[in-house]
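> prediction below, plus the sequence it came from.
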Amino acid sequence: MLVGASPKRKEDGRFVAGRGRYLDDVRVKGLLHLAVVRSPHAHARVAGVDGAAARACDGVIAVLTLADLPELAAATVPPLVPEPRGRPYVHPVLAGARVRHVGEPVAVVVATSPYAAADGVERVAVAYDPLPAAVSPAAASAAGAPRVNETWPDNLASITTGVKGQAAEAFARAPVVVAARLAYPRVAGMPLETRGVLAAPDPIGGGLTVWTSTQVPFAVRSAIAPVVGLAEERIRVLVPDVGGGFGVKGHVYPEEILVAVVARRLGRPVKWVETRSEHCLTAAGDRDQVHEARIGLERDGHIIAIETAFTRDHGVAPTLGEAITLNTINHLPGPYHVPHYRGTGRNVLTHKTFAAAYRGAGGPKPPSCSTGSSTARRARSGWIRPRSAAST
Amino acid sequence: MFVHLGVCSQGQGHETTLAQIAADELGVALESVAVVGGDTSLVGYGMGTIASRVAAVGGPAVQRSAAQVAHKARLVGAEMLECAPEDVVLADGRVGVRGAPGRSLTLGQVARAAVRSRVVADAGGPGLSACAFFYPDTVTWAFGVQGVVLEVDLEACAISLLRLAAMHDCGRAINPVIVEGQLHGGIAQGLGSALGEALIYDDAGQLLTGSLMDYPMLRADEMPPLDVVHMDFPSVINPLGIKGVGESGVISPAAAVANAVEDALADYGVQVDRPPLTSSSVFELLRATGRWPIPTKEPS
């Protein structure tokens, strides 16, 4: 039996010898390089984009905005988890009249080398009229807060609830109640290999081949197909060796659609490789929760009830819907027997890069500190005794 | 032998673990199995390498596909070796007859014959290939607990990790060394969140932690010695008993470190309400207690 044994990893020969083949190693004849002009504002009206100086740069082939790519006018980055009950929203591939987070793509520069493309980006002049931004769930939930989606009445995507037993009643009779405000900041996966996409129109058959550093090739294919107007089967998505994902590559990104559209438009293979700075700015983070939590205990340390009301900051788009919020609610009691429990998560949009899943995806959450540490503190002070001591 | 997958690897070792599953079903050596993923033209659909699901969902699909291929190999082998399919044995890359050690063919010979043999007409068609999917009835979870020993330097407010113990159950491990590696990597990322990582924005929405100088991932020299204890209670929702392990290690470190720091600073009554615990946040927590710094005695 090989299952249960630990043979050496078959793939490590090429990785250790430097023969791995990552996205940036893919070579295609006639390749052009794309770089992205990104918003420096969290929320602003785009008054105008002037690409003339960039077009004059050596090696620059094209400077393209939404006006040049009408196929993107109605395009949206699809959620990984569709929420049919959720409010409809559009997650633009390329911003038009409004930008809604720092780092949002506004224009692209295509050039014969990645260096020429980067030089071109510096010469694209974008005029912005800054608007007030809401960058935390608290700010985004305040009356009169700037709205992320103009078509929504507020910034609340949905409320997610999980209930077991009768928490309110249980708290009323719990002899010990500990309350705490607990938070977990936004963090993100930092794979050694950043994101990257290469799209090449097929000379035969008119299809499209896309290489991308992703965890979800089929989702990328489904996202590109309607925007470029091809049947999914005419798009082949290839994933070369990937230098780490950790969830940060677990959904579709605007750049995957953008590079495919530009390659089709120019009729040339086009590649974009994310810089580390772009990764920090635009790769989807996770966690980003603030909990108002309380735990009700017997004097002997038995848990009677747990209750938490929390926010999850989704940034500009609820890409994973309620999935992470539900994970938090479902996993929060951990291994403990909790007879009465109520978890309520408010899914709030803000003017930040959209959030998604990072390894753990709802598992790591602050109230695990609460249950552990509060109980431990009281146990130390002799106020309550651990369950094992109580039952002997 | 090729295993074509609807999912792709980001370094988890699919080319090894999924080959182990397939090799067992067909009685071939690990070296003769090539696992190929990350190409939407190979397989009709794959959800993705997310949510600790490849081993638990993709693994049984590989097993099921390989079992169908093994069935076809037995049908064709029985025809070639003139025996009943139930008496065909697949082992060591050969197709043989139970109780007749001298009578056997290579799996390759059988595969070639299977292209034209009619006995597989109703078992999936020509050749030794099959494509199967696995639809789990419900989810399955790994379980785990972690404890950490650390020191807080009261002058520098610096945390040193001395030891971390993790006990976990991911069901049946396909490859225990790879499972151990998943735990180590997850714990390192969890400790990164515990001790430094946070994407911080100002009120205008500008990211203040835009580089790895400002977003400090855990360094190798900060990694404590790890004691990892594996439990093995097989899942009942898939035939391989797998619960998935990709996300197991990362979940607990921030809570364990927070609890350990509270315990270390119990004399001051420090209460931790959020990761990460950097030197500056430990300083602020201590200062907020009003009991720190300890007054130093004037030299006599």
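Looks like it came in fine.

> residues contacting the residue in chain B that chain A sits nearest to?
At 2.5 Å from chain A, B:G205 is the closest residue in chain B, using Cβ to the nearest Cβ. For the C-beta atoms, the positions are set from N, CA and C on the backbone; glycine is no exception. Listed by Cβ atoms under 8 Å, 6 or more residues apart in numbering or on different chains, the contact set of B:G205 reads A:H41, A:A42, A:H43, A:H101, A:V102, A:A133, A:V135, A:H351, A:K352.

> for the record, mean pLDDT for stretch A:261-281?
Mean pLDDT, computed over stretch A:261-281, is 98.

> roughly how far is that stretch from the heart of the chain?
18 Å (Cα atoms, centre = their mean, to the nearest Å).

> the residue of chain B closest to chain A: what secondary structure?
Assigned by DSSP: H, G, I helix; E, B strand; the rest coil, the conformation of B:G205 is coil.

> which residue sits closest to it, ignoring its sequence neighbours?
A:A42 (2.5 Å; Cβ to Cβ, 6 or more residues apart in numbering or on different chains).

> contacting residues around the one you found?
A:R100, A:H101, A:V102, A:A133, A:V135, A:H351, A:K352, B:A204, B:G205, B:Q206.

> count the residues that sit near the last one.
Just to be clear, that refers to B:Q206. 16 (other Cβ atoms under 10 Å in any protein chain shown).

> need the pLDDT of it.
98.

> leaving out the residues flanking it, which one is nearest to it?
Counting by Cβ to Cβ, 6+ apart, A:V102 is the residue found nearest to B:Q206 once chain neighbours are left out, at 5.9 Å.

> do I have it right that that neighbour meets A:H43?
No: checked against Cβ atoms under 8 Å, the pair A:V102 and A:H43 is beyond contact range at 9.3 Å.

> pLDDT score for the residue in the stretch 201-350 of chain A that chain B sits nearest to?
Chain B sits closest to A:V239 of the stretch 201-350 of chain A, with a gap of 3.1 Å, by Cβ to the nearest Cβ. pLDDT recorded at A:V239 is 98.

> excluding residues flanking it in the chain, which one is nearest it?
With Cβ to Cβ, 6+ apart as the measure, B:G38 is the residue that lies nearest to A:V239, at 3.1 Å, once sequence neighbours are left out.

> neighbours around that neighbour, how many?
25.

> low pLDDT regions in chain A?
Across chain A, the ranges flagged by pLDDT under 70 are A:365-392.

> 90 instead, please
A:81-86, A:203-205, A:300-301, A:331-336, A:361-392 (pLDDT under 90).

> ok, now which ones touch residue 132?
All of this is about chain A. With Cβ under 8 Å, 6+ apart, A:P132 has these contacts: A:H43, A:P146.

> you looked at the wrong chain, it should be chain B
Applying Cβ under 8 Å, 6+ apart, we find B:A132 in contact with B:A61, B:R64, B:S65, B:A67, B:Q68.

> which of the contacts of A:A42 count as buried?
A:R100, A:H101, A:V102, A:A133, A:V135, A:H351, A:K352, B:G205, B:Q206 (16 or more other Cβ atoms under 10 Å in any protein chain shown).

> find the nearest non-adjacent residue to the first one, please.
Here the nearest residue to A:R100 in space, its sequence neighbours aside, is A:V316; by Cβ to Cβ, 6+ apart that works out to 4.9 Å.

> would the one you found count as being in a helix?
No: going by three-state DSSP, the assignment for A:V316 is coil, not a helix.

> ok, of the buried ones among the contacts of A:A42, which one's closest to B:V257?
A:K352 (26.1 Å; Cβ to Cβ).

> that closest one looks like it's in a helix, true?
No: A:K352 is assigned coil when assessed by three-state DSSP, not a helix.

> re earlier: and the residue nearest to A:R100, how far is that from A:A133?
A:V316 sits 11 Å away from A:A133, taking Cβ to Cβ, to the nearest Å as the criterion.

> mutual contacts of those two, please.
Jointly contacting A:V316 and A:A133 under the rule Cβ under 8 Å, 6+ apart are A:H351.

> before we move on, back to that, just the buried ones among the contacts of A:A42 now: which is nearest A:S213?
A:S213 lies nearest to A:H101 out of the buried ones among the contacts of A:A42, by Cβ to Cβ, at 21.8 Å.

> which residues touch the closest one?
A:S39, A:A42, A:H43, A:G315, A:V316, A:H351, A:K352, A:T353, A:F354, B:G205.

> now A:A54
The contact partners of A:A54, by Cβ under 8 Å, 6+ apart, come to A:V60, A:V63, A:V109, A:G120, A:V121, A:R123, A:V124.

> now, of these, which are buried?
A:V60, A:V63, A:V109, A:G120, A:V121, A:R123, A:V124.

> ok, so of these, who is nearest A:H33?
Using Cβ to Cβ, A:V109 is the member of the buried ones among the contacts of A:A54 that lies nearest A:H33, at 8.9 Å.

> tell me if the helix or strand that contains that closest one is near chain B.
Element membership of A:V109 [criterion: DSSP states H and E] is strand A:105-111. No: Strand A:105-111 is not in contact with chain B by Cβ under 8 Å from any Cβ of the partner chain; minimum separation 15.3 Å.
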